[in-house]
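Student: Predicted model follows, preceded by the sequence.
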Amino acid sequence: MLDETLLDDPDALQAADRDGALRVLATAGAQVRAALAEEHALDRVADDGRPRTVLVAGLGGSAVVGEVVAALAGEHSSVPVQRRRGGPLPGWVGSLDLVIAVSMSGRAPEPLRIAGEAARRGARLVSVCRDGSPLADVTRRARGTLLTVPRTGVPGAPPPGSRTGLWSLLAPVLLACDAADVLEVDHAELAGAADRLDDEAEACRPSSESFVNPAKLLAAELDGSVPVVLSDGDAAQGAAARAVSMLHVTARVPAVRGTLPDDAGDVVALFDGAFRPADDDVFADPFVDGPARPTLRLLLLADQAGEHRAPADRAGPVLEVAQHAGVRVSELAADPGRPVEKLAQLVARTDFAATYLALGSGLDPSRSPHLADLREVWAERG
């Protein structure tokens with residue numbers, strides 16, 4: 001059960017958040033502005049012109065960057081955008097293609113391997129990583145474009161990791177895609193996204209009480225549930241990928257996601273499955289009967305609020321069926337704006353909510369012992 005008294009105690013929150021995840025998330029706007037200051041490094045990417053395809057490679061917390069870029073590209077980009085978590089570089093990648101390798105530390109094995117293979121094939125290479133890392137060295141030897149991530153974050157806040165430093169990785173990749181004429185994401189749009197990230201950090205700050213803090217409210221709604229994250233729109237699709245990743249790794253909550261209209265049938269089919277809503281029993285005693293089993297919670301992320309959606313409303317029928325089935329719904333719609341601005345608003349809200357959900361459940365949002373074990377096994381096997 002979520003400890004809401006802890007969520008309303010800033011000192012207790014700070015003590016529980018040992019690595020300062022909330023403070024780092026609050027620097028997301030500053031992460032975007034730091035990337036904008038390095039925009040001049042992309043001149044060569046622009047000079048090389050539009051590639052045939054783009055492949056974004058990332059592992060772990062960096063992998064969601066490729067998911068977000070592919071979602072933003074949607075059906076509007078004339079250049080296919082693919083993402084890759086691991087495995088060999090696809091055979092079709094050659095000198096006409098752009099490979100973007102993303103790794104906060106610059107040491108993740110899969111992006112490093114893919115970058116090296118891309119260099120051998122003569123593909124265009126852009127890397128986003130820390131300077132002095134193996135990935136930075138590979139990029140320089142290949143005469144690719146290196147976009148460096150600062151080793152230190154905002155003064156007073158801990159340095160970001162690949163999970164809390166999403167915008168340190170995503171903003172440079174978006175700028176690279178704009179320079180390559182793959183996406184239209186200009187300086188003004190990213191500056192607007194930084195402003196929205198600042199606004200969300202203020203609204204979701206630890207000192208804001210639960211009844212007015214939108215992220216704490218969302219954490220309370222998700223508590224004890226199996227979230228099904230459904231996205232409506234390209235920006236929402238990218239935000240949904242990030243939300244599920246944060247729910248898994250930060251809050252340790254199993255979650256699934258789908259996209260409208262393609263996955264509407266798969267989602268509503270869950271409404272009468274094993275996690276269907278339970279009949280409310282006012283006489284139920286959790287000490288005698290055991291804790292209530294988790295039930296589905298539909299989390300709808302939308303590019304636009306319901307009153308602004310197109311006449312062919314894709315979410316309306318799903319929400320209607322959910323209401324009939326007794327499935328509770330949390331709906332989060334972005335304010336009007338450009339795609340990356342909407343993405344920023346949705347991502348920030350769910351980032352803070354997942355972190356509050358972890359802290360309120362007695363979990364460290366920054367450290368998972370089993371994830372650490374998995375990394376050790378990966379390291380041992382090379």
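Tutor: Arrived safely, thanks for sending.
Student: can you give me the strands for the stretch 1-150 of the chain?
Tutor: 54-58, 81-84, 98-102, 124-129, 145-148 (DSSP state E, counting those that start in this stretch).
Student: so what does the last one touch, helix or strand wise?
Tutor: Packed against strand 145-148 by the contact rule (3 or more Cβ pairs under 8 Å, 6 or more residues apart in numbering; DSSP states H and E) you find strand 124-129, helix 134-141, helix 166-179. For every residue, glycine as well, the C-beta is placed using N, CA and C.
Student: Any chance of a markdown table for those, columns mean neighbour count and mean pLDDT?
Tutor: A markdown table is the format used below for the helices and strands packed on strand 145-148 (neighbours: other Cβ atoms under 10 Å; pLDDT from 0 to 100):
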| stretch | mean neighbour count | mean pLDDT |
| --- | --- | --- |
| strand 124-129 | 28 | 96 |
| helix 134-141 | 19 | 96 |
| helix 166-179 | 26 | 95 |
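Student: Show me the one of the ones you listed that comes nearest Gly61.
Tutor: helix 166-179 (7.5 Å; Cβ to Cβ).
Student: Figure out how far the closest one is from the centre of its chain.
Tutor: The chain centroid and the centroid of helix 166-179 are separated by 13 Å under Cα atoms, centre = their mean, to the nearest Å.
Student: and the angle for that helix with strand 54-58?
Tutor: Per axes from the mean of the first three to the mean of the last three Cα atoms, to 10 degrees, the angle that helix 166-179 makes with strand 54-58 is 170 degrees.
Student: about what we covered before: most tightly surrounded among the strands of the stretch 1-150 of the chain?
Tutor: Ranked by mean neighbour count under mean count of other Cβ atoms under 10 Å, the strands of the stretch 1-150 of the chain are led by strand 98-102, which reaches a mean of 30.
Student: and that strand, which strands flank it?
Tutor: Strand pairing for strand 98-102, determined by DSSP bridges: strand 54-58 (parallel), strand 124-129 (parallel).
Student: closest to Ala251 out of those?
Tutor: It's strand 54-58; of the strands paired with strand 98-102, that one is closest to Ala251 (Cβ to Cβ) at 21.0 Å.
Student: Only C-alpha atoms, please: export the closest one in PDB.
Tutor: C-alpha atoms of strand 54-58 as PDB (Å, rounded to 0.1, in the frame of the first residue of the first chain):
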ATOM      1  CA  VAL A  54      17.900   6.100 -39.500                       C
ATOM      2  CA  LEU A  55      18.700   3.500 -36.900                       C
ATOM      3  CA  VAL A  56      18.800   4.500 -33.200                       C
ATOM      4  CA  ALA A  57      20.700   2.100 -31.000                       C
ATOM      5  CA  GLY A  58      20.500   2.100 -27.200                       C
END
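Student: model confidence over that strand, on average?
Tutor: Mean pLDDT, strand 54-58: 96.
Student: Could you do stretch 370-380 as well?
Tutor: Averaged over stretch 370-380, pLDDT sits at 70.
Student: go on, stretch 12-23?
Tutor: Taken as a whole, stretch 12-23 has a mean pLDDT of 93.
Student: So for it, what gets flagged as buried?
Tutor: Neighbour-count burial for stretch 12-23 flags 13, 16-17, 20-23 (criterion: 16 or more other Cβ atoms under 10 Å).
Student: Just the residues contacting that stretch, thanks.
Tutor: 6-7, 156-158, 164, 206, 250, 352, 355, 359, 362, 364-367 (Cβ atoms under 8 Å, 6 or more residues apart in numbering).
Student: Next step: those restricted to helices.
Tutor: 6-7, 352, 355, 359 (DSSP state H).
Student: What distance do you get for the residue nearest the centre of the chain to Ala142?
Tutor: Nearest residue to the geometric centre of the chain (Cα atoms, centre = their mean): Arg242, 2.4 Å. Separation of Arg242 from Ala142 (Cβ to Cβ, to the nearest Å): 29 Å.
Student: What is the subsequent helix or strand relative to the lowest-mean-pLDDT helix or strand in the chain?
Tutor: Lowest by mean pLDDT, DSSP states H and E among the helices and strands of the chain is helix 286-289, with a mean of 54. Next helix or strand after helix 286-289 toward the C-terminus (DSSP states H and E): strand 295-302.
Student: Dump the C-alpha coordinates for that following strand into PDB.
Tutor: Extracted C-alpha coordinates of strand 295-302, given in PDB (Å, rounded to 0.1, in the frame of the first residue of the first chain):
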ATOM      1  CA  THR A 295      -6.800  -5.000 -10.900                       C
ATOM      2  CA  LEU A 296      -6.500  -3.300 -14.200                       C
ATOM      3  CA  ARG A 297      -6.100   0.500 -14.400                       C
ATOM      4  CA  LEU A 298      -6.300   2.000 -17.800                       C
ATOM      5  CA  LEU A 299      -3.900   4.900 -18.200                       C
ATOM      6  CA  LEU A 300      -4.800   6.900 -21.300                       C
ATOM      7  CA  LEU A 301      -2.100   9.300 -22.600                       C
ATOM      8  CA  ALA A 302      -3.400  11.600 -25.300                       C
END
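Student: Could you spell out the sheet neighbours of that strand, each with its direction?
Tutor: Strand 295-302 pairs in its sheet with strand 225-232 (parallel), strand 328-333 (parallel), by DSSP bridges.
Student: on that earlier part again, including distance to Gly192, could the strands of the stretch 1-150 of the chain go into JSON lines?
Tutor: As requested, the strands of the stretch 1-150 of the chain are exported to JSON lines (distance: least, Cβ to Cβ, whole Å):
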{"stretch": "strand 54-58", "distance to Gly192": "23"}
{"stretch": "strand 81-84", "distance to Gly192": "22"}
{"stretch": "strand 98-102", "distance to Gly192": "23"}
{"stretch": "strand 124-129", "distance to Gly192": "21"}
{"stretch": "strand 145-148", "distance to Gly192": "21"}
